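[1] What follows is a predicted protein model with its sequence.
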Amino acid sequence: MQKTSKALFGLATAFVMSSALPNLAKADELTLCWAAWDPANALVELSKDFTAKTGTQMKFEFVPWTSYADRFLNELNSHGKLCDLIIGDSQWIGGSAENGHYVKLNDFFDKEGIKMDDFVPATVVGYSEWPKNTPNYWALPAMGDVVGWTYRKDWFEKPELQKEFKEKYGHDLAAPKTYGELKQIAEFFQKREIDGKTVYGASIYTERGSEGITMGVTNVLYDWGFQYDNPQKPYDMEGFVNSADAVKGLEFYKSLYDCCTPPGSSNVYMVESADAFKSGQVAMQMNFAFTWPGLYKDEKVGGDRIGFFPNPAEKAHFAQLGGQGISVVSYSDKRDSALQYIKWFAQPDVQAKWWELGGFSCLNSVVNAPDFAKSQPYAQAFLDSMAIVKDFWAEPSYASLLQAMQKRVHNYVVAGNGTAQEALDGLVKDWSDVFKDDGKI
């Protein structure tokens, strides 16, 4: 009944918005800023419909992920007018709200009948809200994303490997449900010869320069019991960031790196992990869900050769949230037209087409549709993954918090310096210093 009501509301909303579109005030041109990746190409295609309905031409400023944050945070901090619309990372929301970079959207949403209840709750918290868990909205959920896994389904299904694995471990060779199972599989494939080629267990995130190793290791830390702070006392991190369980989680991540990754895996993020999988190097690959459509279409490893599974569980079960919301930049001279783009993008029929083109919709009427789970081979894994998401700090000082974690974790996991306990103790100190400077502790 609840789903039916949402569907009916979605249709009504779509009708109201669609009939209003021809009367929109026209602007000559809007510039949308985002990262250069496959979903951006899908958005260019989708936006042709907006231009056809409004007459407003769309320009796009896309930059590689490695320079995405530096490029656009500098643009926002300098009050630049390049971007009328921006699809900013989830961690930017706190700083962009408090520093006045984004237009607050509450009044606009109320006026246009855009309801945040119509979007997947985790994406509203992650992409739109600041402060978190308050009804203050600075973005519309635009691109759902989460860290998950792909695996070589064709290798897993080889009868001789299935037999050998079951004899060794006592259970079937299949997509792992726990990290213990994942490590068994990774060890099983490490340096094994398949089709005349030496292969390896898994590709995981280790990149130091931007956010890579943090986006990887958190998937394990969360599942072992790591928490950012005391749920009863914000910014009280001692015994939560560096708890005994968190230490075990960090030790596990290092053990996975040491035992089961390909040679030259010391600086791996999204592109490198996907390349390791596409080149036939690894049995499993950690990566954001946005890579899945392209991998499924790959002639060498896609189709029947690839499988998808959500982040495994351990003591708890979480996955690192990715993805972004779309915001109107407060320094734009074309705010009204930019808001109309958001209004158009929020329509259920537009969101459905967004999914079809390769974007990841956050609208309930799309992801809760009866046929969604079967609409793509990776759709069920995406749904399962979005149900367990957890995000990194979204504080205004998130960049300093991120840099500290990148350094501490990389130095231990990849460089092999010190112990896991020392790394997390140091991280508590680093983060405490940041929050002291911010006046929060």
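    Looks like it came in fine. Just so it is clear, the structure is predicted and the values come from calculations on it, not from any experiment.

[2] hey, where'd the strands end up in the chain?
    Assigned by DSSP state E, the strands in the chain fall at 29-35, 57-63, 85-89, 140-143, 147-152, 192-194, 197-203, 282-288, 306-310, 319-320, 324-328, 389-390.

[3] Next, the contact list for Ala316, please.
    Residues in contact with Ala316 (C-beta atoms under 8 Å, 6 or more residues apart in numbering) are 222-225. No exception for glycine: its C-beta is placed from N, CA and C like everyone else's.

[4] Let's see that with 7 Å instead.
    222-223, 225 (C-beta atoms under 7 Å, 6 or more residues apart in numbering).

[5] And the residues you listed, which is closest to Asp258?
    Set against Asp258, the nearest of the contacts of Ala316 by C-beta to C-beta is Asp223 (18.9 Å).

[6] contacting residues around that closest one?
    With C-beta under 7 Å, 6+ apart, Asp223 has these contacts: 179, 249, 313-318.

[7] Likewise for Ser385?
    Each residue near Ser385 by C-beta under 7 Å, 6+ apart is listed here: 146, 148, 289, 310-311, 319.

[8] ok, now Ala35?
    Contact analysis of Ala35 by C-beta under 7 Å, 6+ apart lists 62-63, 65, 68.

[9] Can you give me the buried ones in stretch 406-421?
    By neighbour count with 16 or more other C-beta atoms under 10 Å, stretch 406-421 contains the buried residues 406-414, 420.

[10] Could you do stretch 108-117 as well?
    Going by neighbour count (16+ other C-beta under 10 Å), the buried part of stretch 108-117 is 108-109, 112, 114, 116.

[11] start to end distance for it?
    15 Å (C-alpha to C-alpha, to the nearest Å).

[12] Tyr200 is in contact with Ser279, isn't it?
    No. Under the criterion of C-beta atoms under 7 Å, Tyr200 is not in contact with Ser279, lying 10.9 Å apart.

[13] So between those two, which is more surrounded?
    Comparing Tyr200 with Ser279 by other C-beta atoms under 10 Å, the one with more neighbours is Tyr200, at 20 against 12.

[14] Name all residues that make contact with the nearest residue to the more buried one once chain neighbours are set aside.
    Nearest residue to Tyr200 in three dimensions, chain neighbours excluded: Pro262, at 4.2 Å (C-beta to C-beta, 6 or more residues apart in numbering). Residues in contact with Pro262 (C-beta under 7 Å, 6+ apart) are 200, 203, 276, 281-282.

[15] if you set the cut-off to 10 Å instead, what comes out?
    When contacts are counted by C-beta atoms under 10 Å, 6 or more residues apart in numbering, Pro262 touches 190-191, 198-203, 268, 272, 276, 279, 281-282.

[16] For those residues, work out which two are farthest apart.
    The span of the contacts of Pro262, defined through C-beta to C-beta, is set by Lys191 and Glu272 at 19.4 Å.

[17] More neighbours: which of these two?
    Glu272 (19 against 11).

[18] related to what we said a few turns ago, so which of the buried residues of stretch 108-117 belong to helices?
    108-109, 112 (DSSP state H).

[19] export the residues you listed to TSV and tack on distance to Val301 and pLDDT?
    Conversion of those to TSV gives the following (distance: C-beta to C-beta, whole Å; pLDDT from 0 to 100):
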residue	distance to Val301	pLDDT
Phe108	44	98
Phe109	42	98
Glu112	43	98
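
[20] List just the nearest of those to Phe156.
    Out of those, the member with the shortest distance to Phe156 (by C-beta to C-beta) is Phe109, at 45.6 Å.

[21] Tell me how many other residues crowd the nearest residue in space to the closest one that is not next to it in sequence.
    In space, and not counting its chain neighbours, Phe109 is closest to Tyr137: 6.3 Å by C-beta to C-beta, 6+ apart. Neighbour count for Tyr137, taken as other C-beta under 10 Å: 25.

[22] Ok, Asp172 next?
    Neighbour tally, Asp172, other C-beta under 10 Å: 9.

[23] That one against Gln162, yeah?
    Yes. In this structure, Asp172 is within contact of Gln162 by C-beta atoms under 10 Å, at 6.8 Å.

[24] any shared contact partners between the two?
    Phe156.

[25] picking up where we left off before, so what does the residue nearest to Tyr200 have for phi and psi?
    In this entry, Pro262 is assigned phi and psi values of phi -70, psi 160 (degrees, to the nearest 10).

[26] Could you check the pLDDT of it?
    If you check Pro262, the pLDDT there is 98.

[27] same check, this time on Thr4
    The per-residue pLDDT reported for Thr4 equals 32.

[28] ok, back up a step: what is the nearest of the contacts of Ala316 to Glu299?
    Nearest member of those to Glu299, counting by C-beta to C-beta, is Asp223, at 34.2 Å.

[29] thinking again about what came up before, now pLDDT and distance to Arg305 too, for the buried residues of stretch 406-421, in JSON lines please.
    Below are those laid out as JSON lines (pLDDT from 0 to 100; distance: C-beta to C-beta, whole Å):
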{"residue": "Gln406", "pLDDT": "98", "distance to Arg305": "33"}
{"residue": "Lys407", "pLDDT": "98", "distance to Arg305": "38"}
{"residue": "Arg408", "pLDDT": "98", "distance to Arg305": "38"}
{"residue": "Val409", "pLDDT": "98", "distance to Arg305": "32"}
{"residue": "His410", "pLDDT": "98", "distance to Arg305": "32"}
{"residue": "Asn411", "pLDDT": "98", "distance to Arg305": "37"}
{"residue": "Tyr412", "pLDDT": "99", "distance to Arg305": "35"}
{"residue": "Val413", "pLDDT": "98", "distance to Arg305": "30"}
{"residue": "Val414", "pLDDT": "98", "distance to Arg305": "30"}
{"residue": "Ala420", "pLDDT": "98", "distance to Arg305": "36"}
